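J.: predicted structure and sequence below. I'll ask about it afterward.
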Amino acid sequence: MNGRPVDVLLTHGYRLYEDPHELAVMKPYPALGILYISAHLKAKGLRVAVHDSTFSDRAAFVAALERERPPVVGIYVNLMTRGNALEMIASARERGVRVVLGGPDPANHAQRYLDAGADVVVIGEGEVAMEELIPVLSGGDVGAGSLGGIRGIVFRDAAGMMVRTPTRETIRDLDGQPFPDRDAIDLPRYVATWREHHGKGAVSLITARGCPYTCTWCSHAVYGYTHRRRSPQNVADEVELIIERYAPDMLWYADDVFTIHRTWLLQYAAELARRGIRIPFETISREDRLDEEIVKTLSEMGCQRLWVGAESGSQRILDAMKRRTDAQRVPEVVALLRRHGIETGMFIMLGYDGEEVTDLEDTVRMLKRADPDVFLTTVAYPIAGTPYAATVSDRIVPLKEWAAGSDRDRTVAGRHSRRFYSYATRWMVGEVGVHQERRRGGDPRRMAKAYLNARLGRLGMRLTQTEVEPATPGT
């Protein structure tokens, strides 16, 4: 920083080498949110340092605080990073640094984070909020008179009362925002890590912000139910820059629903073709936003794998989730993708409120019919602030102390037990595995292993079918 002090240090709490699950996957992506904020603040003339914690540890964060000596630190926090973020808050406060938090977890648990030492929690987009907060916090005046005029934040006034200011308007012109400040971090290391473990280096980007769908279990804490798109030309400009500067083998479009806007997608595909760009990519969509023309277009653009949020094969459960998708059509969509040379990944959610064995059986039948290349399962957990959490609010049971866990460490009293769903997952994976091995004439040993897991899983389900989650942890 040429000897001049920075105005803010931006960081996050994700640490790859401290998470066994993430180490097993080895598909790290940078936190685009803080890179967008960094680019915005720099464009406004502020001096910004970014500490990317992905490949480092707590000691490195402390070293960054002491090296940069910022008056303000901004920390992005999600479900995975609560514990690390709490440590970082303490480290910053020990050094007299003001702490601003953003991201979905602080938005859902603002009071808890303020109690833990944060000065301000930002609700919504962070670019303009941070632009307005930094001068106030740097000056040391954090009373209601100075902070109260900044929209979209939560803080405590001089009397210790929690103050929530009016909602901040979202940024309408996304094309007017600079691209993420990828040069502030060691992005080539991300690409190299992907390439080392998966043979292909990847870079992520987003083409839009927000999701208008009403799935009851999904958090809209940052963007609400808005949906705003960048222009096809603006996104293509960013892709050209990514290819020129970082030479990835593939892209990850991190949109909630990449194909949500039909006209935009067709225009974007045409813009890429006009520029002679065809680079492999993965992304996420939904059954209802895919048809022959869209899938054909995705294939021509270079789509290698599309992740479909199927969630359940039971239409009853999908309707309860307000998912607005058709379980019967999912296999048709997978077949359509396969015809155009696109692999399918699928997300499946077990344990949603009211689910019974018959619903799980519907899901297994759907998976067999669809035959996706890969599917991932999770057991539903009530994320604070969601309609699902509100529905089961009187039955939510924390499995860990708040500071030691996350919303993932919450269960719902009265539903099937965690043991039951462990067996159900084993049965589902095994049952579908047997089906796939049989259809493809696979290795008899793999088929036998899948068969055994399916039988053991089903037996375990029968033995635990009457078990329910207790109202008190550990009982």
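T.: Thanks, I have it. Residues are numbered from 1 along each chain as shown.
J.: now do the helix or strand where Asp319 lies, average pLDDT.
T.: Taking DSSP states H and E as the criterion, Asp319 maps to helix 315-320. In this model, helix 315-320 carries a mean pLDDT of 98.
J.: which parts of the helix or strand just after it are buried?
T.: Counting by DSSP H and E, the element after helix 315-320 in chain order, helix or strand, is helix 330-339. Neighbour counts over helix 330-339 (16 or more other Cβ atoms under 10 Å) mark 330-331, 333-334, 336-338 as buried. Using the backbone N, CA and C atoms, a C-beta is placed for each residue, glycine as well.
J.: for the chain, what helix or strand is lowest in average pLDDT?
T.: Ranked by mean pLDDT, DSSP states H and E, the weakest helix or strand in the chain is helix 144-147, scoring a mean of 73.
J.: strands along the stretch 201-350 of the chain, start to end?
T.: Counting by DSSP state E, counting those that start in this stretch, the stretch 201-350 of the chain has strands at residues 202-205, 208-209, 228-229, 250-253, 281-285, 303-311, 343-350.
J.: so what's the spatially most central residue of the chain closest to, chain neighbours aside?
T.: The residue lying closest to the centre of the chain (Cα atoms, centre = their mean) is Asn78, at 8.0 Å. Among residues not flanking Asn78 along the chain, Gly103 sits closest, at 5.3 Å (Cβ to Cβ, 6 or more residues apart in numbering).
J.: tell me how far the one you found lies from Gln177.
T.: Shown here: Gly103 relative to Gln177, a distance of 18 Å by Cβ to Cβ, to the nearest Å.
J.: who has more neighbours out of these two?
T.: Set side by side, Gly103 and Gln177 show more neighbours around Gly103, with 25 against 17, by other Cβ atoms under 10 Å.
J.: phi, psi of that one?
T.: Note on Gly103: its backbone torsions stand at phi 110, psi 170 [degrees, to the nearest 10].
J.: His51 too?
T.: Note on His51: backbone dihedrals following degrees, to the nearest 10 are phi -110, psi 110.
J.: thinking again about what came up before, CSV for the strands of the stretch 201-350 of the chain, including mean neighbour count and distance to Met26?
T.: Formatted as CSV, the strands of the stretch 201-350 of the chain follow (neighbours: other Cβ atoms under 10 Å; distance: least, Cβ to Cβ, whole Å):
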stretch, mean neighbour count, distance to Met26
strand 202-205, 22, 11
strand 208-209, 20, 28
strand 228-229, 16, 31
strand 250-253, 19, 14
strand 281-285, 21, 15
strand 303-311, 22, 17
strand 343-350, 20, 17
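J.: how about these, which one is nearest Val295?
T.: Between Val295 and the strands of the stretch 201-350 of the chain, the tightest spacing by Cβ to Cβ is seen for strand 303-311, at 8.2 Å.
J.: what angle separates that closest one from strand 281-285?
T.: Going by axes from the mean of the first three to the mean of the last three Cα atoms, to 10 degrees, strand 303-311 is angled at 20 degrees with respect to strand 281-285.
J.: next, the closest residue to Asp186 other than its chain neighbours: phi, psi?
T.: Spatial nearest neighbour of Asp186, chain neighbours left out: Asp52 (6.9 Å); criterion: Cβ to Cβ, 6+ apart. Main-chain dihedrals, Asp52, degrees, to the nearest 10: phi -90, psi 110.
J.: so Asp52 sits against Pro30, correct?
T.: Yes: if you go by Cβ atoms under 8 Å, Asp52 and Pro30 touch, sitting 6.5 Å apart.
J.: for stretch 44-62, list the C-alpha coordinates in CSV.
T.: Extracted C-alpha coordinates of stretch 44-62, given in CSV (Å, rounded to 0.1, in the frame of the first residue of the first chain):
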residue,chain,number,x,y,z
LYS,A,44,-14.4,5.2,-5.1
GLY,A,45,-10.8,6.0,-4.2
LEU,A,46,-10.6,4.1,-0.9
ARG,A,47,-7.5,2.0,-0.1
VAL,A,48,-8.4,-1.6,0.4
ALA,A,49,-6.4,-4.7,1.5
VAL,A,50,-7.9,-8.2,1.0
HIS,A,51,-6.9,-11.1,3.2
ASP,A,52,-7.9,-14.3,1.5
SER,A,53,-8.1,-17.0,4.2
THR,A,54,-8.8,-19.9,1.9
PHE,A,55,-5.2,-21.3,1.9
SER,A,56,-4.2,-19.8,5.3
ASP,A,57,-5.0,-19.9,9.0
ARG,A,58,-6.0,-17.6,11.9
ALA,A,59,-2.3,-16.6,12.5
ALA,A,60,-2.2,-15.3,9.0
PHE,A,61,-5.3,-13.1,9.6
VAL,A,62,-3.7,-11.7,12.8
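J.: what's in contact with that stretch?
T.: With Cβ atoms under 8 Å, 6 or more residues apart in numbering as the contact definition, stretch 44-62 has outside contacts at 1, 4-18, 28, 30-31, 34-35, 38, 41-42, 64, 68, 70, 84, 87-88, 91, 131, 134, 181, 184-186, 189-190.
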